[in-house]
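>>> give me a 3D structure for the following:
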Amino acid sequence: MGARIIAVLIMMVVASTDAHAHTGAGIQSGFLHPILGWDHLIVMVGVGAWASLLGGSAMWKIPLGFIASMVIGGRLGIYGVAIPFVELTILASILVIAGFWLFQIKMPEWAGAAVVGFFAIAHGYAHGAEMPAGVSPVQFAAGFLTATGVLHALGLCLGQWRFRRLRRAD
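Down below sits the predicted model:
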C-alpha cells in the first residue's frame, strides 16, 4: 500500500509542469493547481506527513492551520497585494517541510503551526495571484482548498505508513 502511494506521488511530480498547473476553469482549475504544481504538491503532502510525526492533535491542527493561512495568502494574491519573495519562500518551504519530515524534526505544536502558516501564506498567495482570468475566486479557492485537504490527508497516510515501518525496524 505504502509503495503504491509513493509511486503515485512520484508519477504526479514527474508528470506535472507549471503549464499544467494553470488549466481548466473554476473549481477544476483551483483543484488542479496544487496537484499539478510540483512545488505545491511536495509541500502539501509534506505538511500532512510531518504532522503525522508530531502525532496527537497536531495531525489535524497543523494541516488545518496551513489551510487557514493559505486562505489569507490566497485573498492577498487575488486582490493583487504585493508580497515580496513569494517564490523564494515557496522554495524554502519545500526544503524545510521535507527536511522536517525526513529528519523527524519535532517541535511544539504552536511552533509547527507558525512555520507552516508562514509558508502557507506564500502558497495561498501564489494560488490567488495565478488564478486564471474570468474564473470565480470562490470556485477557484474551493478547488485549491479541497485539493490541499486531499494532499494533506495523503501525507498523513504516507507519514503513518513510514513511521509504522520505522517502528517495526527497531
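>>> what mean pLDDT does the longest helix seen in the chain get?
Scanning the chain for the longest helix, with DSSP state H as the assignment, gives helix 137-169. Along helix 137-169, the predicted confidence averages to a pLDDT of 88.
>>> name the helices or strands packed onto it?
helix 2-15, helix 26-36, helix 38-54, helix 58-78, helix 109-129 (3 or more Cβ pairs under 8 Å, 6 or more residues apart in numbering; DSSP states H and E). Where C-beta positions appear, they are placed from N, C-alpha and C, glycine not excepted.
>>> ok, 6 Å please
Packed against helix 137-169, as judged by 3 or more Cβ pairs under 6 Å, 6 or more residues apart in numbering; DSSP states H and E, are the following elements: helix 26-36, helix 38-54, helix 58-78.
>>> what count of nearby residues applies to the closest residue to Gly80 other than its chain neighbours?
Nearest in space to Gly80, with sequence neighbours left out and distances taken as Cβ to Cβ, 6 or more residues apart in numbering, is Ala129 at 7.5 Å. Ala129 sits with 18 neighbouring residues when counted by other Cβ atoms under 10 Å.
>>> how close does Ala129 get to Ile42?
With distances taken as Cβ to Cβ, to the nearest Å, Ala129 is found 19 Å from Ile42.
>>> tell me the secondary structure for Val135?
coil (DSSP: H, G, I helix; E, B strand; the rest coil).
>>> which residues does it contact?
Contacts for Val135 (Cβ atoms under 6 Å, 6 or more residues apart in numbering) come out as Ala25, Gly26, Ser29.
>>> of these, select the buried ones using a ChimeraX command.
Only the buried members of the contacts of Val135 end up in this ChimeraX selection, burial being decided by 16 or more other Cβ atoms under 10 Å:
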select :26,29
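>>> need the contacts of Val135 in CSV with distance to Pro84 and pLDDT, can you?
Rendered in CSV, the data for the contacts of Val135 read as follows (distance: Cβ to Cβ, whole Å; pLDDT from 0 to 100):
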residue, distance to Pro84, pLDDT
Ala25, 30, 70
Gly26, 30, 79
Ser29, 26, 88
